[in-house]
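> show me how the following folds:
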Amino acid sequence: MSSPPSATLLREPLLRSAPQRLGVPTSSSHPPPSHPPLSHPPERKSAEKPARSALASLLHLPKQLLVVLLIDFLNSYRSFGFRSVQYQYLVNEFGIGDLEAGSLLGLQAWLLVVFGMIGAMLVDAWGVRKTAVIALSVAAASRAVLAFGQTKLSLQVALLGLSPFGEAVLSTGIYTVALKKLTTHETRRLAFGVQYSVSNLAGAFSDLAADFFRRQDFTVPAWVPDWLWEGDTFSGLRAHVLGTLVAVLAALLVSVFCLFDSVLVPLDEPAAQLFTGHASPPPLTFDEITRLRDNATAAQRARGYLVTPVSPSRPKPRRPMAPSPIFGRLNLERLKNASSPAAWVEAALAATRRAVQSIRSLLELRNFWVALWFSACLFFISKQWGDMDQLLPPYLERHHGLNTPIYAIHSINMWVCMLAPSLIAVCTAHLNDFSVILPGLWVMALSPLWLSCEPGVPAAIGWVFFSSLGEVIWSPRQSAWIASIAPDGREGVFLALLSLKSLVTTIPSTTLNGYLNAVFNPNCPTCRDDVGHFCDEQIKLNATAYACRAGGYITCVGLKYSPELISSDPASLQCPSTCVQCPGWQDGAQTMWLTVFLFSVASPIMVQLSLPYLKSVDGKGQQA
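Next comes the predicted model:
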């Protein structure tokens, strides 16, 4: 797993932390300006540069990256912390059926894609700091409604109203752009490997927290007002969601006080290559780069780079080297300075024409269509991430009970993704991209085979482990591959356009998981209370009757519950601790996991057959 992120159910690989190359010129209608060469020595070819050890490369990263990584940690705790429990949260806390939960989460995921495209462009237009502060503010409001809301209306407001902007913007492009601006070509892979590990460490902690909190209920303090929470108890899942609210508030504070737009300037690359793109903050001009290099200290020259703060309010270069993004600064400034409604409409139409021109120029790149096809190939295997969030927790809970370490098993994915990426990156650095991607895809695709043959807790653990192992082999490397073919300065729009296919695939994919649960792994509400506790405790009602009780205080008697949960003979009364023990319940888990396996193996087959096409591109933005 990686930070996305978002709370989307499908961790779309091309919208994850894709490291980007700083200073790769893009195709444009404007030829690059000619500048006299600087007096600095020419860049040595990469083969001539002495190789750094992993530790030396880590120490070579700028200190500003620590702030980005801290925010990513907190935001990942927020994102993973809810995503792993969201299906159970909807079903157990709000009494929603499997199919309805899958459909609702599918619609939310679709909105996340839409707002993700907008957010990716906002990163280009507003810069990392402003986008992060606004998105985290909205995400905090959304998480507060989720934590304290008790009605379906509040749930819909949070998931469909507030969440799409806050969640999607934070998961699409922010960390990609921030890390790109603060790394060199030499340190970029390591930086993204560290970021990948940090975000998954947060996810692992959030899973362990979920397992800790969900096993107990909490008494609501007397000072909590009734308008905020009605009732005397707070379920463990709600307490966990409240913890994710604390995390997003902490991330917001760090962003406000510590996050600033900065850019790393390599001192051993030609300056003309750095003067490119149209983004916020605007790219450095040739004169600015020259001045920074002339004033570089000895320590900066020894490192090979310097980091300088860049204000989004800086005047933009006179001749941007690429069309402005849809919400580019030029468009926003003209709209802001419009003197009348007619002038505003004229400026809006002009902005639309420029946006169409910008998108059209990207669609003319062969690289874009190759990346889009690659994304389509990965759809089937990337569905495992949604399966791990939507199918695995309900399966373990309904088949094996609440005492099963559901989220500790789920956290195996996070631990593997935290510890393994950097090691695998070092071991496979000498191999070309697809020599690493394909084996990783096959490992991940075959991982559900055991579970489809013999469903159980050991098989579930095996699936999560081998799926995670395959993921850390192929996923970071595909990010590097996408980085090499994405046009510099327009990464947000490029990634946004790549996500268009998700507008078609997201709702059916997520709804399918709800259907699989409803048909092959159904809930058993006649043997559970309103927040998901099983009626697993036998109690004596009176001198002649015995019944089952849930959660220590809810007697499972009435029209809602199975009539077999009350009996005059305590020896014959079985109080179920799983859905398997619930009277009348039917199991179809093997068919469900076989479906997951068949979906998964489609991806490596498609990539294998498409290799000649996928290898036909480079990082120069070829025309289609």
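
> in the stretch 351-500 of the chain, which segments are predicted with low confidence?
Counting by pLDDT under 70, the stretch 351-500 of the chain has low-confidence residues at 489-492, 496.

> can you give me the helices for it?
366-390, 392-400, 406-427, 433-446, 449-453, 457-485, 491-498 (DSSP state H, counting those that start in this stretch).

> and the contacts of stretch 98-115?
6-10, 86-87, 90-91, 96, 155-156, 159-160, 163-165, 167-169, 171, 390, 394, 499, 502-503, 506-515, 517-518, 522-523 (Cβ atoms under 8 Å, 6 or more residues apart in numbering). No exception for glycine: its C-beta is placed from N, CA and C like everyone else's.

> output stretch 404-418 as CSV, nothing but the C-alphas.
What follows is stretch 404-418, C-alpha atoms only, in CSV (Å, rounded to 0.1, in the frame of the first residue of the first chain):
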residue,chain,number,x,y,z
THR,A,404,-10.1,-13.0,15.3
PRO,A,405,-7.3,-10.5,14.9
ILE,A,406,-8.9,-9.1,11.7
TYR,A,407,-6.9,-5.9,11.4
ALA,A,408,-3.7,-7.4,12.7
ILE,A,409,-3.9,-9.8,9.7
HIS,A,410,-4.8,-6.9,7.5
SER,A,411,-1.8,-5.0,8.8
ILE,A,412,0.6,-7.6,7.3
ASN,A,413,0.2,-5.7,4.1
MET,A,414,1.3,-2.5,5.8
TRP,A,415,4.3,-4.1,7.5
VAL,A,416,5.5,-5.7,4.3
CYS,A,417,5.0,-2.5,2.4
MET,A,418,6.9,-0.6,5.1
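
> can you list the residues that contact that stretch?
Counting by Cβ under 8 Å, 6+ apart, 1-2, 80, 84-85, 196-198, 200-201, 203-204, 207-208, 210-211, 214, 388-389, 392-393, 396-397, 457, 460-461, 464-465, 467-469, 471-472 sit against stretch 404-418.

> which ones among the contacts of stretch 98-115 map onto helices?
86-87, 155-156, 163-165, 167-169, 171, 390, 394, 502-503, 506-515, 517-518 (DSSP state H).

> which of these are buried, as a ChimeraX select command?
This is the ChimeraX syntax for the buried subset of the ones in helices among the contacts of stretch 98-115, where burial follows 16 or more other Cβ atoms under 10 Å:
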select :86,87,155,163,164,165,167,168,169,171,390,394,502,506,507,509,510,511,512,513,514,515,517,518
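
> quick check: next helix or strand after the lowest-mean-pLDDT helix or strand in the chain?
When each helix and strand of the chain is scored by mean pLDDT, DSSP states H and E, helix 271-274 comes last, with a mean of 50. The first helix or strand that comes after helix 271-274 along the chain, using DSSP states H and E, is helix 286-294.

> tell me the first helix or strand C-terminal of that next one.
helix 298-303.

> roughly how far out does that following helix sit from the chain middle?
Here helix 298-303 is found 36 Å from its chain centre; the criterion is Cα atoms, centre = their mean, to the nearest Å.

> name the helices or strands packed onto that helix?
Contact partners of helix 298-303 among helices and strands, from 3 or more Cβ pairs under 8 Å, 6 or more residues apart in numbering; DSSP states H and E: none.

> and stretch 428-443, which residues are buried?
Using 16+ other Cβ under 10 Å as the test for burial, stretch 428-443 gives T428, D433, F434, V436, I437, L438, P439, G440, L441, W442, V443.

> F466 is in contact with the last one, correct?
If I follow you right, that is V443. Yes. Between V443 and F466 there is a contact under Cβ atoms under 8 Å: 6.1 Å.

> and the strand or helix carrying W110 with helix 392-400, angle?
Per DSSP H and E, W110 falls inside helix 98-126. Put simply, helix 98-126 runs at 160 degrees to helix 392-400, going by axes from the mean of the first three to the mean of the last three Cα atoms, to 10 degrees.

> next structured bit after helix 98-126?
helix 128-148.

> ok, back up a step: are any of the contacts of stretch 404-418 buried, and if so which?
Among those, the ones that count as buried by 16+ other Cβ under 10 Å are 1-2, 80, 84-85, 196-198, 200-201, 203-204, 207-208, 210-211, 214, 388-389, 392-393, 396-397, 460-461, 464-465, 467-469, 471-472.

> who does the helix or strand harbouring F257 touch, helix- and strand-wise?
Assigned by DSSP H and E, F257 falls within helix 236-258. Contacting helix 236-258 under the criterion 3+ Cβ pairs under 8 Å, 6+ apart are the following elements: helix 64-83, helix 128-148, helix 188-214.

> which pLDDT value belongs to the nearest residue to T244 once chain neighbours are set aside?
Spatial nearest neighbour of T244, excluding adjacent residues (Cβ to Cβ, 6 or more residues apart in numbering): G81 at 4.0 Å. The score at G81 is 92. That number is its pLDDT.

> quick check: the gap between G81 and S411.
11 Å (Cβ to Cβ, to the nearest Å).

> same check on T526?
Distance, T526 to S411, using Cβ to Cβ: 31 Å.

> neighbour count winner among those two?
Legend: neighbour count by other Cβ atoms under 10 Å for T526 and S411, higher for S411 (25 against 20).

> domain ranges for this protein, per the record?
Listed by automatic domain parsing, the domain ranges of the chain are 13-32+53-260+366-522+593-614, 525-581.

> so which of those is nearest D294?
Nearest of the domains of the chain to D294, taken as Cβ to Cβ: domain 13-32+53-260+366-522+593-614 at 18.8 Å.

> show me what contacts the closest residue in space to F520 that isn't next to it in sequence?
Counting by Cβ to Cβ, 6+ apart, G588 is the residue found nearest to F520 once chain neighbours are left out, at 3.4 Å. By Cβ under 8 Å, 6+ apart, the contact set of G588 is V519, F520, N521.

> okay, now the second one: neighbour count?
F520 sits with 19 neighbouring residues when counted by other Cβ under 10 Å.

> where does it land on pLDDT?
Per-residue confidence (pLDDT) for F520: 96.

> all further residue positions should be reported with the first residue as 185.
New numbering, starting at 185: the last item is F704.

> picking up where we left off before, overlap in contacts of G265 and S595?
Common neighbours of G265 and S595 (Cβ under 8 Å, 6+ apart) are G387.

> ok, the buried residues of stretch 612-627 vs V764, which is closest?
V764 has its nearest neighbour among the buried residues of stretch 612-627 in V627, at 31.0 Å by Cβ to Cβ.
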